[in-house]
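Q: Sequence and computational prediction follow.
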Amino acid sequence: KAVQDKLASLDEQLAAAKSKKGQLERDVQECEAKLGRAQQLISGLGGEKTRWTAVAQESGEQLVKLTGDVLLGVGAIAYLGAFTAGFRSEITKEWVQCSGEQDIPCTSDFSLVHILGKPVKIRDWNINGLPRDELSVENGIIMHEGSRWPLCIDPQGQANKWIRKMEEHRAMKVTKLSDETLLRTMESAINFGSPVLLENVGESIDASLEPILLKQTFKQSGRLCIKLGETIVEWSKDFNFYICTKLRNPHYPPELCTKVSLLNFMITPEGLEDQLLGIVVAVERPDLEEEKNQLILQGAENMRKLKEIEDRTLETLSSSEGNILEDSTAVGVLSDAKVVADEINEKQKVAEETEKKIDAARADYKSCAKHASIVFFAVADMANIDPMYQYSLAWFIGLFVRAIQDSTKSPNIAKRLDSLNSYFTFFLYRQVCQSLFEKDK
């Protein structure tokens with residue numbers, strides 16, 4: 001019996017030892033797995049340390065200035081839309097100075113584009129036809145961040161063209177105040193969440209549209225509704241309303257100005273120069289312009305993917321509970337994200353180098369675009385002599401393209417541009433002379 005008891009005791013010890021051995025083996029395997037995941041995290045996120053440290057420091061500095069920046073941003077959206085670039089800059093500097101005097105911290109070189117602009121979104125706007133100058137980008141930000149519907153002062157049709165392109169995938173409805181079906185169009189768009197462009201408005205807007213301008217919505221049976229005339233229409237949150245006028249210097253009454261967000265979309269010299277450069281290069285060197293456009297689209301897509309990857313990485317890190325090394329799914333997501341991000345960054349570097357080379361080649365034609373831009377604004381100023389002397393941008397660009405096609409060609413770029421500038425200036429001069437009144441000739 002003593003031998004059997006001893007044997008039983010030894011069996012128990014053996015079983016305990018085996019159990020402990022199994023546990024230790026599992027711990028070893030788990031430690032090896034954690035070590036592997038730690039290596040993945042270090043290799044995957046190690047390269048981000050420097051950038052994230054800089055971003056964290058910058059975010060800390062921005063947080064201190066956030067109050068003043070938000071105050072200035074709200075002021076710009078509420079009041080500056082109707083003014084020119086120079087006046088906006090002047091007013092903003094005064095506001096920054098006043099904020100400093102009142103001990104409200106804000107960014108010393110405040111810019112609406114830097115504070116509220118999203119680079120990926122702005123690149124998409126540019127691809128859809130928004131001019132690249134700062135005034136136009138600010139207008140885009142005010143339009144999308146403001147709570148009032150935009151009324152665009154758009155004599156050259158820039159805003160109209162951009163809005164149509166931007167909203168074409170949503171089956172936008174285009175209408176005028178003179179259309180008999182105006183209210184039916186508005187009712188349908190509000191109900192189904194379609195965007196509407198009301199174009200060619202004068203210095204007043206039909207009173208029947210006032211509930212839309214003021215967003216006079218109310219709840220009925222748990223649904224958001226609006227009353228148009230005698231009809232109650234369900235209000236879709238996807239509905240967007242854009243208003244455009246071709247008047248150069250409209251005078252809107254104060255009661256209308258408080259209901260809409262006035263935006264000055266008159267073209268700037270920088271914006272026009274960029275457009276004309278694209279036109280002349282597209283005709284003279286179509287290969288360059290095509291490659292440039294492809295790179296812009298590729299760059300926009302790369303930026304969008306990188307933003308998605310960064311958001312997914314941060315979401316994974318913040319939502320992971322307990323020790324992240326125990327979460328194999330999270331580590332896998334982070335590793336895959338890093339691999340894709342590295343590939344996109346490499347592509348983006350190559351694209352940026354190529355874009356620099358293309359921009360250097362396009363720069364040869366910049367003097368021609370600048371010359372044409374100056375001439376356009378000289379012709380546009382003729383409206384100060386007589387209101388009838390108003391020349392559209394589309395007409396001007398048509399003449400510019402004809403001049404590029406008809407002027408003397410030359411393999412020497414300097415001679416070619418001299419020839420084009422001389423031909424276009426004289427060609428435009430003849431066209432304008434034909435339209436002058438006898439008293440002005």
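A: In hand now; what should we look at? Residues are numbered from 1 along each chain as shown.

Q: alpha carbons only for contacts and neighbour counts from here, please
A: Fine.

Q: so which helix or strand takes in the closest residue to Ala394 other than its chain neighbours?
A: Counting by Cα to Cα, 6 or more residues apart in numbering, Ala394 lies nearest to Gln156, which is 7.6 Å off, once chain neighbours are set aside. Under the criterion of DSSP states H and E, Gln156 resides outside all helices and strands.

Q: ok, now which ones touch Gln156?
A: Lys246, Met266, Ile267, Ser392, Leu393, Ala394 (Cα atoms under 8 Å, 6 or more residues apart in numbering).

Q: Lys357: which of these is nearest?
A: Nearest to Lys357 out of those is Ile267 (Cα to Cα; 28.0 Å).

Q: Which parts of the stretch 101-250 of the chain are strands?
A: Along the stretch 101-250 of the chain, counting by DSSP state E, counting those that start in this stretch, strands occupy 149-153, 173-175, 195-198, 217-220, 223-228, 231-234, 240-245.

Q: can I assume Gly278 sits in a helix?
A: Yes: counting by DSSP: H, G, I helix; E, B strand; the rest coil, Gly278 falls inside a helix.

Q: so which strand or helix has the closest residue to it other than its chain neighbours?
A: Excluding its sequence neighbours, the residue lying closest to Gly278 (Cα to Cα, 6+ apart) is Glu289, at 7.0 Å. Under the criterion of DSSP H and E, Glu289 resides in helix 286-319.

Q: quick one: buried residues of that helix?
A: 288-289, 292, 295-296, 299-306, 309, 313, 316 (16 or more other Cα atoms under 10 Å).

Q: Report the inter-axis angle for the helix or strand following that helix versus helix 286-319.
A: Using DSSP H and E, the helix or strand that follows helix 286-319 towards the C-terminus is helix 328-362. Taking axes from the mean of the first three to the mean of the last three Cα atoms, to 10 degrees, one finds that helix 328-362 is oriented at 160 degrees with respect to helix 286-319.

Q: could you point out which element follows helix 328-362?
A: helix 366-380.

Q: Quick one: list the elements packing against that following helix.
A: Contact partners of helix 366-380 among helices and strands, from 3 or more Cα pairs under 8 Å, 6 or more residues apart in numbering; DSSP states H and E: helix 269-284, helix 413-434.

Q: Not counting that helix itself, show me its contacts.
A: With contacts defined as Cα under 8 Å, 6+ apart, helix 366-380 is touched by 269, 272-274, 276-277, 280, 389-391, 396, 400, 417, 420-421, 425.

Q: what's the most distant pair in these?
A: It's Tyr389 and Leu417 that sit farthest apart of the contacts of helix 366-380, by Cα to Cα, at 28.4 Å.

Q: who's more crowded, the two?
A: Leu417 (22 against 17; other Cα atoms under 10 Å).

Q: okay, the angle between the helix or strand hosting Ala33 and helix 328-362?
A: Using DSSP H and E, Ala33 sits in helix 2-45. Here helix 2-45 runs at an angle of 20 degrees relative to helix 328-362 (the same axes, to 10 degrees).

Q: got the angle between the lowest-mean-pLDDT helix or strand in the chain and helix 269-284?
A: The helix or strand with the lowest mean pLDDT-type score in the chain, counting by mean pLDDT, DSSP states H and E, is helix 328-362 (a mean of 75). On the basis of the same axes, to 10 degrees, helix 328-362 is oriented at 80 degrees to helix 269-284.

Q: Run through the neighbouring helices and strands of helix 328-362.
A: Counting by 3+ Cα pairs under 8 Å, 6+ apart, helix 328-362 packs on helix 2-45, helix 286-319.

Q: which SS class is the residue nearest to Arg416 when sequence neighbours are not counted?
A: Leaving aside its sequence neighbours, Arg416 sits nearest to Ser410 (Cα to Cα, 6+ apart; 5.1 Å). Put simply, Ser410 is coil when judged by three-state DSSP.

Q: So Ser410 versus Asp359, what's the distance?
A: Distance from Ser410 to Asp359, counting by Cα to Cα, to the nearest Å: 21 Å.

Q: out of these two, which sits in the busier spot?
A: Asp359 (14 against 11).

Q: measure that one to Glu291 for me?
A: Noted for Asp359: a distance of 11 Å to Glu291, by Cα to Cα.

Q: Kindly report the same for Ser194.
A: Distance, Ser194 to Glu291, using Cα to Cα: 34 Å.

Q: Going by mean pLDDT, which of the helices and strands packed on helix 366-380 comes out lowest?
A: If these are sorted by mean pLDDT, helix 269-284 sits at the bottom with a mean of 87.

Q: ok, and for it, which residues are buried?
A: 269-281.

Q: Give me the contacts around it.
A: With Cα under 8 Å, 6+ apart, helix 269-284 has contacts from 131-133, 288-290, 362, 365-366, 368-370, 372-374, 377, 397, 401, 404-405.

Q: Now which of the residues you listed would you call buried?
A: Here, 16+ other Cα under 10 Å leaves 131-133, 288-289, 362, 365-366, 368-370, 372-373, 397, 404 buried among the contacts of helix 269-284.

Q: Taking these together, which two end up most distant?
A: Within the buried ones among the contacts of helix 269-284 (distances taken as Cα to Cα), the two that end up farthest apart are Asp133 and Ile404, at 24.6 Å.

Q: Cool, thanks, signing off.
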